[in-house]
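Asker: need coordinates for the following:
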Amino acid sequence: MEVFDLIFLKPILNFLILLSNILFHNFGLAIIMLTILVRLVILPLTLKQLRSSKKMSEAMKELQPKLQQLKKKYAKDPRKMQQEQMTLYKEAGISPLGCLSSPMFVSTLIQLPIFIALYRAIIQALAVTPQDFLGLSQSLYSWPMVREALPVSGSFLWLNLGSPDPYFLIPILVMATMWISQKMISQPAADPQQQSMQNMMQIMMPLMFGFITFTLPAGLGLYFVVTSVFSIVVQYFVYGWGNLGGLRNPFARSSPSPMPSSKLAAPVRAPKHDKTKADITVEKTSGPEKGARYGKSRDKRSDSGGSH
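Answerer: Here you go, the predicted model:
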């Protein structure tokens, strides 16, 4: 536990107190700024995982016809069907267990000790009991800037950051933002059973975190909300709105749609243009000449007829 306090708790606690002193003695703004900084540190891992997940989902869509054929072909032999599916996944470069080594999994592991340390840091920074004051005094650095920033106020908007939200708005925001974040990047599964499990997870995870924040300090719920909002913004630049609807992402790259063959084969018509004065003049001058030629040919026919 001493190693954990040395690596995570003490740096986070003292950094929060310093941020609070810089940000107008506002502990809520300090939590928001700390959350953003943590997300920026793991942003390269997050972007790499999101792009990898997007490529994998596109590859899965291309494999759907072949997977359906395998299901029909090996309907009575599930073991053989599973082997053939694994072969298809390997050829397409898809790893069914890729999530265990993905950057998102690594980023989750990084955030877990930060989450635990942040919980203890909020309790100690907003100390109420003598035991909390004792823990605070043992965790503080001997820097003058840290000592001068005490005591820390836990008031932020309508919240007391060291206590649960009495109006339950923070748990509701945690559930809503987490559901939106998951819904944006969710991909339809080929198997109905997998799809039902995926839909259940999209509901259970936000409900679980929302239930946790009913009893935890509001400062920790604020950390969850800012984390989900940051994820929504990052995912928007990669996926757009995803499964949330037909809202267009101006930053997403889209390939131009091919022109229909009917339009390509359509004949090109010459553009119409109005007659100019020169055209009218030419027509007028050419009219009598045409009549004269017509008259001469008529006279020749009459002469030939008369001679007979």
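Asker: ok, now how distant is residue 10 from residue 124?
Answerer: For residue 10, the distance to residue 124 (C-beta to C-beta, to the nearest Å) stands at 10 Å. Using the backbone N, CA and C atoms, a C-beta is placed for each residue, glycine as well.
Asker: out of these two, which sits in the more crowded spot?
Answerer: Set residue 10 next to residue 124 and count neighbours by other C-beta atoms under 10 Å: residue 124 wins out with 24 against 17.
Asker: right, and residue 120 touches residue 9 too?
Answerer: Yes - if you go by C-beta atoms under 8 Å, residue 120 and residue 9 touch, sitting 5.6 Å apart.
Asker: between those two, tell me which one has more neighbours.
Answerer: The residue with more neighbours, out of residue 120 and residue 9, is residue 9; 22 against 18, by other C-beta under 10 Å.
Asker: so how far is residue 114 from the more buried one?
Answerer: 10 Å.
Asker: what's the answer for residue 213, then?
Answerer: Applying C-beta to C-beta, the value for residue 213 to residue 114 is 16 Å.
Asker: more crowded one of those two?
Answerer: residue 213 (24 against 18).
Asker: count the residues that sit near the residue nearest to that one when sequence neighbours are not counted.
Answerer: Sequence neighbours aside, residue 221 is the residue nearest to residue 213 in space, at 3.9 Å (criterion: C-beta to C-beta, 6 or more residues apart in numbering). A count of nearby residues for residue 221, using other C-beta under 10 Å, gives 27.
Asker: tell me the mean pLDDT over the one helix or strand residue 221 maps to?
Answerer: Counting by DSSP states H and E, the element that carries residue 221 is helix 218-239. Across helix 218-239, pLDDT averages out at 90.
Asker: stretch 22-41 too?
Answerer: When pLDDT is averaged along stretch 22-41, the result is 92.
Asker: report the buried residues of that stretch.
Answerer: Within stretch 22-41, the residues scored as buried using 16 or more other C-beta atoms under 10 Å are 26-28, 30-35, 38-39.
Asker: outside of that stretch itself, list whatever touches it.
Answerer: 12, 15-17, 19-20, 46, 111, 114, 118, 122, 125-126, 149, 152-154, 156-157, 159, 161, 219, 222-223, 226-227, 230-231 (C-beta atoms under 8 Å, 6 or more residues apart in numbering).
Asker: are any of these buried, and if so which?
Answerer: Neighbour counting with 16+ other C-beta under 10 Å marks 12, 15-17, 19-20, 46, 111, 114, 118, 122, 125-126, 149, 152, 154, 156, 159, 161, 219, 222-223, 226-227, 230-231 as buried within those.
Asker: in the helix or strand encompassing residue 137, which residues are buried?
Answerer: Residue 137 belongs to helix 130-139 when assigned by DSSP H and E. Neighbour-count burial for helix 130-139 flags 132, 135-136, 139 (criterion: 16+ other C-beta under 10 Å).
Asker: what residues does that helix touch?
Answerer: Helix 130-139 is contacted by residues 5, 9-10, 13-14, 120, 123-127 when judged by C-beta under 8 Å, 6+ apart.
Asker: hey, where'd the strands end up in the chain?
Answerer: Counting by DSSP state E, the chain has strands at residues 155-156, 159-160.
Asker: nearest to residue 72, of the ones you listed?
Answerer: The closest of the strands of the chain to residue 72 is strand 159-160. By C-beta to C-beta, the value is 56.9 Å.
Asker: least confident secondary structure element in the protein?
Answerer: Least confident element among the helices and strands of the chain, by mean pLDDT, DSSP states H and E: helix 261-264 (a mean of 42).
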